[in-house]
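Chemist: turn this into a model:
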Amino acid sequence: MPGHFQRLWPILFPVSDLKTSKQQKIFSRGKKPIYSLETYSLLIGMQDALEDYKKMQDKFKLPQLQELKDTFKIEIDANEKVIDQIRLEISDRIFSFSEKIIEPIIGGAETFSCLFEQDMVTEKERERLFQIYKRVQVLKWENHMLTVRPDEKKTAEWIKKTWDLWNNELGEELGALCKKMSENWTDMKFKNENTVYHG
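Modeler: Below you'll find the model as predicted:
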């Protein structure tokens, strides 16, 4: 294998990132790794994917790929267009947070826990959550549009907007909300009052 691939291996593709045990099968002779043809092809594909993103990053001023991977647990598939993968992975995370955390608080849900959690936030907090929820819904429908009508520039803009929302509001707000809910449930007590029947 060419020397530059040997140097890039730990950065581009840690063994733990390979998806199957077959792909993880790496033999060594001394200190130099020997790669199977499948792994070698995978390395080339991954390098191409990273180079594609680097071009997009420079062109549209996108976040660092490692930051996106760390924040949203993104796994890059060398066989798919990297920028679309990032959009889809981010959308799955953001919309899941919105549906599982924000929606039940601001809109109610037919669950036992929601009966209590509705009273754990103030009207001011509920209004702030609703404003964030609106912005998430805008991103959600823009995401659907990009699935229907792919557009490289608009996809890059979507990633930037979503990244900014997460870092400036959503991540911190959701973290604070989860902490508050956890503390409220920890401190919750039920009064044990005897019922007196007056017949």
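Chemist: any idea of the mean pLDDT in the strand or helix carrying E117?
Modeler: Taking DSSP states H and E as the criterion, E117 maps to helix 112-117. Across helix 112-117, pLDDT averages out at 86.
Chemist: what separation do you get for the nearest residue to E157 once chain neighbours are set aside and M188?
Modeler: Leaving out its chain neighbours, the residue that sits closest to E157 by C-beta to C-beta, 6 or more residues apart in numbering is F60, at 7.3 Å. Glycine gets a C-beta too; all of them are placed from N, C-alpha and C. Using C-beta to C-beta, to the nearest Å, we find F60 at a distance of 47 Å from M188.
Chemist: who's more crowded, these two?
Modeler: For the pair F60 and M188, the greater number of neighbours falls to F60 (15 against 9), based on other C-beta atoms under 10 Å.
Chemist: where in the protein is pLDDT low?
Modeler: For the chain, residues meeting the criterion pLDDT under 70 lie at 1-45, 191-199.
Chemist: picking up where we left off before, measure the residue nearest to E157 to T71 for me?
Modeler: The spacing between F60 and T71, counted by C-beta to C-beta, is 18 Å.
Chemist: which of the residues in the longest helix along the chain are buried?
Modeler: For the chain, the helix with the greatest residue count under DSSP state H is helix 123-148. Buried residues in helix 123-148, defined by neighbour count with 16 or more other C-beta atoms under 10 Å: 125, 128-129, 132-133, 136, 139, 142-143, 146.
Chemist: now, which of those sits nearest I83?
Modeler: L146 (10.1 Å; C-beta to C-beta).
Chemist: for the closest residue to the closest one other than its chain neighbours, list the residues it contacts.
Modeler: Nearest non-adjacent residue to L146, counting by C-beta to C-beta, 6+ apart: T155, 5.5 Å away. Neighbouring residues of T155 by C-beta atoms under 8 Å, 6 or more residues apart in numbering: 83-84, 87, 146.
Chemist: M181: which of those residues is nearest?
Modeler: So of the contacts of T155, ranked by how close each gets to M181 (C-beta to C-beta), first place is R87, at 29.5 Å.
Chemist: ok, that closest one - contacts?
Modeler: Residues counted as contacts of R87 (C-beta under 8 Å, 6+ apart) are 143, 146, 155, 158-159.
Chemist: please identify the helix or strand for D70.
Modeler: helix 65-72.
Chemist: run through who's touching that helix.
Modeler: By C-beta under 8 Å, 6+ apart, the list of residues contacting helix 65-72 reads 50, 53-54, 57, 74-76, 86, 89-90, 93, 159, 163, 166.
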